[in-house]
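>>> Next comes the sequence, and after it the predicted model I'd like to discuss.
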Amino acid sequence: GEDISFDIGMLNNFQNATVFLFDMTPKAIRYVKRFLPEFPRLVFTEEGAALQPGTLTFALPADERHVSSQALTDGSKQGALANRKTFEARVNTIETWMWHFGHSYIDVLKLDVEYMEYDLLENWLGRFNESPLVRVTQFLIELHLVPKAENMQEPAVVKHNLLVQELQQYFALVARHQ
């Protein structure tokens, strides 16, 4: 997105750290590139996270002031995202990025992938010992609850709560906000 203050803070506080950013949204790419000359330990790749390498179609936000884009799925092509402007972007797996950069573990994995987190996490948790999560020391994630549920029995809420419970089997929940 258009806020990398956490990432810059990591660089400023940990002199031996290198921060790897991955984002394929057009506004984020323009924003992050402005910082690269000033922060040589900031490594930026213009790709999004997915279950497999390739190219996906993303819907731009309805409000042009916003940054976040959503991957189009068969259902969303007919739904709320159907009339939005789109763009194609490269995506890759965290395992591939780790291999490419020669990493065997990740100190901090900060993940905000705009509604794709459920597919990624369900895949990783289903094969935890072979997934990138087994090699993560600290895991920071933004979980999006769609639709804005009022009923705690709605399928999206139930899925969300089950995922949080499963994550808590492997990670300590430090903070949660609504």
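Received it, and whenever you're ready, just let me know what you need.

>>> Output the below-cut-off pLDDT ranges for this protein.
Within the chain, the stretches with pLDDT under 70 are 74-82, 145-153, 174-178.

>>> which helix is the longest one in it?
Secondary structure of the chain per DSSP state H: the longest helix is helix 155-167.

>>> And that one, what does it pack against?
Counting contacts by 3 or more C-beta pairs under 8 Å, 6 or more residues apart in numbering; DSSP states H and E, helix 155-167 packs against helix 117-126. For the C-beta atoms, the positions are set from N, CA and C on the backbone; glycine is no exception.

>>> what helices or strands is the very next helix or strand once past the helix it packs on leaning on?
Downstream of helix 117-126, the first helix or strand assigned by DSSP states H and E is strand 136-141. In terms of contacts (3+ C-beta pairs under 8 Å, 6+ apart), strand 136-141 is packed against strand 106-111.

>>> Neighbouring strands - and their directions - for the strand it packs on?
strand 136-141 (parallel) (DSSP bridges).

>>> buried set for the helix or strand that contains Met10?
If you go by DSSP H and E, Met10 is part of helix 5-13. By neighbour count on 16 or more other C-beta atoms under 10 Å, the buried set for helix 5-13 is Asp7, Met10, Leu11.

>>> Could you do stretch 130-149 as well?
Ser131, Pro132, Leu133, Val136, Phe139, Ile141.

>>> repeat for stretch 113-126
Neighbour count says stretch 113-126 has Val113, Glu114, Met116, Glu117, Tyr118, Leu120, Leu121, Trp124 buried, by 16+ other C-beta under 10 Å.

>>> what comes into contact with it?
With C-beta atoms under 8 Å, 6 or more residues apart in numbering as the test, stretch 113-126 has contacts from 48-51, 68-71, 111, 131-133, 141-144, 146, 159-160, 163, 166-167, 170.

>>> State the three-state secondary structure for the residue nearest to Phe20 when sequence neighbours are not counted.
Closest residue to Phe20 apart from its sequence neighbours, by C-beta to C-beta, 6 or more residues apart in numbering: Val43 at 4.8 Å. At Val43 the chain is in strand, as set by DSSP: H, G, I helix; E, B strand; the rest coil.

>>> ok, Val43 - how many residues close by?
When neighbours are defined as other C-beta atoms under 10 Å, Val43 has 13 of them.
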